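> Return a 3D structure for these sequence lines:
(one chain, ligands or ions: 1)
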Amino acid sequence: VDRQNPTLLFRQLYEGLRAAILTQRLRAGSKLPSSRELAQELGVSRNTVTAAFEQLLTEGYVTMKRGSGTFVASEVPDELLRTSNNAVVLGKAKRTARTISQRATLLAQLPASAAELPHKPRAFQPGLCAIDEFPIETWARLTSRRLRRMPRTALDYHDAVGWQALRAVLAGYLSAARGVQCEAANIIIVAGSQHGLDLAARVLLTPGATAWIEDPGYTGARGALLGAGATLVPVPIDEQGIVVSKGAAGAPQARVVYVTPSHQFPLGVVMSLARRLELLEWAAGAGAWIIEDDYDAEFRYAGRPLAALQGLDRAHRVLYLGTFSKVLFPSLRLGYLVVPPDLVATFRAVLAHTAYHAPLLEQLVLTDFITEGHFARHLRRMRALYAERQDMLVAAAKKELAGLLDVQPNEAGMHLLGWLPKGSKDKRAFQQALAYNVYAPPLSFYCDRAKLRPGLLLGYTSVSNEEIRRGVRRLRQALATPQT
Ligand SMILES: Cc1ncc(COP(=O)(O)O)c(C=O)c1O
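Coordinates of the predicted model:
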């Protein structure tokens, strides 16, 4: 044994003996020294030797006969004794390519967000809700009540598309609050929108098929569609939303269109009614599917929200996606897909062979949280809080950032866009801000082909008023430094 070697002594001994057995330096049936003798000889504790022997015994390399000692097993499998296998076990195999899938290679190459997880600093991380405000005591009470009262059958496997009672309350909520056409039967509970996107992409796209993606757009959607082998076609956004005519001209064969009509991510544009109808008509004619990501629709501070695009769809071409990451908390990992009724059976089958269902306990607690009124109450509180935080950010930016960053209010959402002076580089400004402990991702990070004015995203929902003021002051210091 080598005491300089970081590998545990018992492990070294075990590996040495195993190698000796596999290379037949220790012959089948031969007797090993007793643990006491070996410990003395090697200058290690007896426990070390016993642990190595026990590991060899568990794996079938040795047998133990009570009273007479430890012997090399007579039936070490033949294939283990062949030299090629020995080489693998002994770490002497020749190096061969360690190939992974194209899909994994592609996803690993996507630019990752520079955010530290869990998020630090919070100012001005986009898309993160006020986790400090979540009524965790209520959640704890509902969880322990469920755990105490639920029947043992709750521990069994369940329907892959989710807990029926949760699907039923969601059907009520989505039709009343968002104008979604749905029943419990066509709602599928998923582990957050990212899982919903991955699942929808697997169901709708054959590798090589084309998908339109908003440009600028949500990187999570890019990843999920690319992961399914899609060829992505970036489609620009104007003041009415995705420019359908550009998509139709450039990629008429697309199978899937990913959109955020309520509040385009990251520009914040609300898709106009005319554009919604144009998109639905195009999709119905082309036989394409639309994935409507309604990630932050609950946060509207002024004006009436437009109902979901899915509510206008008569051709059953829209899959509506929502998440609890923004309204409750992101580590809950629960969301939902509303799918056309004729696709439910396929989704159930695909789920049964991939993720299966989301954890049941969380689904049960969430059902209670909604039906007992806590959800509506929390949402009301957060809406008021976020409206106040947005006002605070706009006011602080007006006072501190004049000439450096133009921050305009928005009627909805969880972040604002700050426009940098023409000619500046937003990636550079992002790095400057990071040096001052402010996280404000550059707009260009979300662009594919789009060439937009340089800007920064400023998430305000998870940031207290005091942190907003401090963050804005730090941002001023960062941006006042001339760009080189
Ligand atoms: C456009 C968009 N969709 C969805 C999500 C939510 O993702 P998830 O439900 O996987 O947490 C986000 C979060 O940042 C988002 O920005």
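> residues in the stretch 101-250 of the chain within reach of the ligand, list them.
Contact residues (CB under 6 Å from any ligand atom) of the stretch 101-250 of the chain with the ligand: 127, 192, 193, 194, 218, 220. Heads up, the C-betas are built off the backbone N, CA and C, glycines and all.
> how many other residues sit next to the first one?
The local packing of residue 127 (other CB atoms under 10 Å) involves 21 other residues.
> is it true that it touches residue 439?
No - using CB atoms under 8 Å, residue 127 is not in contact with residue 439, being 11.5 Å away.
> At the geometric centre of the protein, which residue sits there?
Among the residues of the chain, the one closest to the centroid is residue 194, at 5.0 Å (CA atoms, centre = their mean).
> That one and residue 417, how far apart?
Relative to residue 417, residue 194 is positioned 23 Å away (CB to CB, to the nearest Å).
> Next: residue 316.
Where residue 417 is concerned, residue 316 sits at a distance of 35 Å (CB to CB).
> Comparing the two, which residue is more hemmed in?
Just comparing residue 316 and residue 417: by other CB under 10 Å the higher neighbour count belongs to residue 417, 21 against 16.
> Any chance you could list what contacts the helix or strand that contains that one?
Under the criterion of DSSP states H and E, residue 417 resides in strand 415-419. Residues external to strand 415-419 that are found in contact with it (CB atoms under 8 Å, 6 or more residues apart in numbering): 124, 126-127, 266-268, 390, 393-394, 397, 401, 405-410, 440, 443, 453-461.
> Which of these are buried? Put it as a ChimeraX command.
Listed next is the ChimeraX selection for buried residues among the contacts of strand 415-419, using 16 or more other CB atoms under 10 Å:
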select :124,126,127,266,267,268,390,393,394,397,401,405,406,407,410,440,443,454,455,456,457,458,459,460,461
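> Could you tell me which of the contacts of strand 415-419 are located in helices?
390, 393, 394, 397 (DSSP state H).
> can you redo the residues you listed as TSV with distance to residue 105?
Putting those into TSV (distance: CB to CB, whole Å) gives the following:
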residue	distance to residue 105
390	40
393	40
394	43
397	41
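> Which of those residues sits closest to the ligand?
residue 390 (16.8 Å; CB to the nearest ligand atom).
> The closest one and residue 366: what is the separation?
27 Å.
> swap in residue 151?
Applying CB to CB to residue 151 and residue 366 gives a distance of 19 Å.
> In three-state terms, how would the residue nearest to the centre of the chain be classified?
helix (DSSP: H, G, I helix; E, B strand; the rest coil).
> Looking at it now. What's its pLDDT?
Looking at residue 194, its pLDDT is 97.
> can I assume it is in contact with residue 220?
Yes - taking CB under 8 Å as the definition, residue 194 is a contact partner of residue 220 at 5.4 Å.
> so what's whichever residue of the stretch 1-150 of the chain sits closest to the ligand up against?
Residue nearest to the ligand within the stretch 1-150 of the chain (CB to the nearest ligand atom): residue 127, separated by 3.4 Å. Residue 127 makes contact with 295, 296, 326, 414, 415, 459 under the criterion CB under 8 Å, 6+ apart.
> and what of residue 177?
residue 298.
> buried ones in whichever strand or helix holds it?
Element membership for residue 177, per DSSP H and E: helix 164-178. Across helix 164-178, burial judged by 16+ other CB under 10 Å covers 165, 166, 167, 168, 169, 170, 171, 173, 174, 175, 178.
> tell me the mean pLDDT for that helix?
pLDDT averaged over helix 164-178 gives 97.
> how far does that helix sit from the chain's center?
Centroid separation for helix 164-178 versus its chain: 24 Å, with CA atoms, centre = their mean, to the nearest Å.
> all strands for the stretch 251-400 of the chain, in order.
Taking DSSP state E, counting those that start in this stretch as the test, the strands found in the stretch 251-400 of the chain are 256-259, 289-293, 318-323, 335-338.
> Save these as a markdown table, and put in mean pLDDT, distance to residue 348 and mean neighbour count too.
Formatted as a markdown table, the strands of the stretch 251-400 of the chain follow (pLDDT from 0 to 100; distance: least, CB to CB, whole Å; neighbours: other CB atoms under 10 Å):
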| stretch | mean pLDDT | distance to residue 348 | mean neighbour count |
| --- | --- | --- | --- |
| strand 256-259 | 98 | 20 | 26 |
| strand 289-293 | 98 | 18 | 25 |
| strand 318-323 | 98 | 15 | 27 |
| strand 335-338 | 98 | 12 | 26 |
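> Out of those, flag the one nearest residue 15.
Closest of these to residue 15 is strand 335-338, at 46.5 Å (criterion: CB to CB).
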